[in-house]
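# My questions are about this predicted structure, shown below with the sequence.
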Amino acid sequence: MKYFFIALLCTSIVLLSHIYAAKYKWRVKRLESFRQFLVFAKSEVTYVSTPVLEIVKKYDKLYAGSLPFLNPLKEPVAACVKENLQREEALDTKQKQMICDFFAGFGTQDEEASVRLLEHYRAMADSELQTAAPECREKRKLIHRLSLLGALGVAILLI
């Protein structure tokens, strides 16, 4: 019976670390989805000239749940996104600020300036993604290794 509880404790340590490491996986997914949104928005602005709220709603309808801070959304879009980002735990402060800055400027200018803004933030998102992806992968790997070592240490101590 003692060994069963030790195994259960070790398993729970490993599972908790997987839950914690998932935050880093979601950070990369959110950045990829934001980059995808920028490409989608550029095509919408270039070919259809739809308002910002309609672009966001159309993206959310096509790719439901990929960017949870875009739902629910209402006017003013920038303030609503900023409020929704406060509850977002996967992104760090720098990434949240980048997204807030984008929505603060998006739709406030003419079509040509909006396309330049979208290209600028797409380049920023690419750069952030290239930096964050390997960093998050290494952090997840480290968390998994440390949890296995921690579980092994607890098992050795209790046995």
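Sure thing, it's come through.

# tell me the contacts of V56?
Applying CB atoms under 8 Å, 6 or more residues apart in numbering, we find V56 in contact with L70, L73, V77. C-betas here are computed from N, CA, C, even on glycine.

# Of the residues you listed - the most surrounded one?
Ranked by neighbour count under the definition other CB atoms under 10 Å, the contacts of V56 are headed by L70 with 23 neighbours.

# now that one: how far from A22?
If you measure L70 against A22 using CB to CB, to the nearest Å, the figure is 21 Å.

# Give me the phi and psi angles of E75.
In this entry, E75 is assigned phi and psi values of phi -70, psi 140 (degrees, to the nearest 10).

# What is the burial count for L67?
Count around L67 with other CB under 10 Å applied: 21.

# That one: what's it in contact with?
The contact partners of L67, by CB under 8 Å, 6+ apart, come to R30, S33, F34, F37, Y59, D60.

# how many other residues sit next to K74?
8.

# wait, what's in contact with it?
Contacts of K74 were listed using CB under 8 Å, 6+ apart, and they are L53, C80.

# change the start of the numbering to 695 and stick with it
All set: I'll call the first residue 695, so the last point we hit is now K768.
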